[in-house]
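Asks: Got a sequence here, can you model it:
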Amino acid sequence: MDYIRLADDRGRANFGWLDSRHTFSFGHYHDAKHMGISALRVINDDRVRGGAGFDTHGHRDMEIISYVLDGALQHKDSTGNEFIIPAGDVQLMSAGSGIMHSEYNASANDPVHFLQIWIQPNIRGVKPGYQQATIKQHGKLTALVTPDGRDGSLSIRQDATLSRLALQAGESIELYVGSRSGYLHMLSGQAHSGQQRLQGGDGVGLVRSDALVLQADTDLQALWFDLPEQAS
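Replies: The predicted structure follows:
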């Protein structure tokens, strides 16, 4: 393990309507030791109160993934897309040459909890795009986002794969990266790798390492990023 990022050590921004934990440097939070892994630039763990959200703003040349953990998001963008993203769904917005969008809590009363993930694309200035899907778990590791959209996954403009990992207590998995890079973000449950204990919000990065052997102490879910060695 080349990089350990514990949940309680993340950056934090609390604006009342939004309580956000930053795995990597973002906004007013900057730490030169935590700038991302390969093309993975942002993992923000966001909780938005009922009726609140992110007003219309712009992005370009970034692949932006939303993964809803609890509640639902309401998305609207300048290309005409307007959708509700319920818990368990994965959404991918390719900002490309430029897009304006807003993200609001779909409920007036209940909070929404979601991850906002940014991955740097390997092609710039292309037409913006939007994708969303409900992808059921198949085995321990299920692809959510891939370069080629295989097996019903969303298609990303980068040599990167995002998978959902689900283990039952006592199960284990070896996550192999070889000459590539990887990042594990724990969603829920508890696990260990060697002497390192992991729980929801914790992360482990691999850079030029062969594998991560993860042992589940309880039922768990996590996100696994298979990334190029370096961002292109």
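Asks: three-state assignment of residue 151?
Replies: What DSSP: H, G, I helix; E, B strand; the rest coil gives for residue 151 is helix.
Asks: Spatially, what comes nearest to it if we skip its sequence neighbours?
Replies: residue 143 (6.0 Å; CB to CB, 6 or more residues apart in numbering). For every residue, glycine as well, the C-beta is placed using N, CA and C.
Asks: from the chain's centre, how far out does stretch 110-118 sit?
Replies: 10 Å (CA atoms, centre = their mean, to the nearest Å).
Asks: secondary structure element for the residue nearest to residue 151?
Replies: Taking DSSP states H and E as the definition, one finds residue 143 inside strand 141-146.
Asks: Return the list of strands paired to that strand, each annotated with direction.
Replies: strand 154-155 (parallel), strand 161-167 (antiparallel) (DSSP bridges).
Asks: Let's see it as CSV, backbone CA atoms only.
Replies: C-alpha atoms of strand 141-146 as CSV (Å, rounded to 0.1, in the frame of the first residue of the first chain):
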residue,chain,number,x,y,z
LEU,A,141,-16.6,-6.9,-8.3
THR,A,142,-19.1,-5.3,-10.7
ALA,A,143,-18.0,-2.7,-13.3
LEU,A,144,-19.9,0.5,-13.2
VAL,A,145,-17.8,2.7,-15.5
THR,A,146,-15.4,1.4,-18.2
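Asks: Average the pLDDT values over that strand and round to the nearest integer.
Replies: Mean pLDDT, computed over strand 141-146, is 98.
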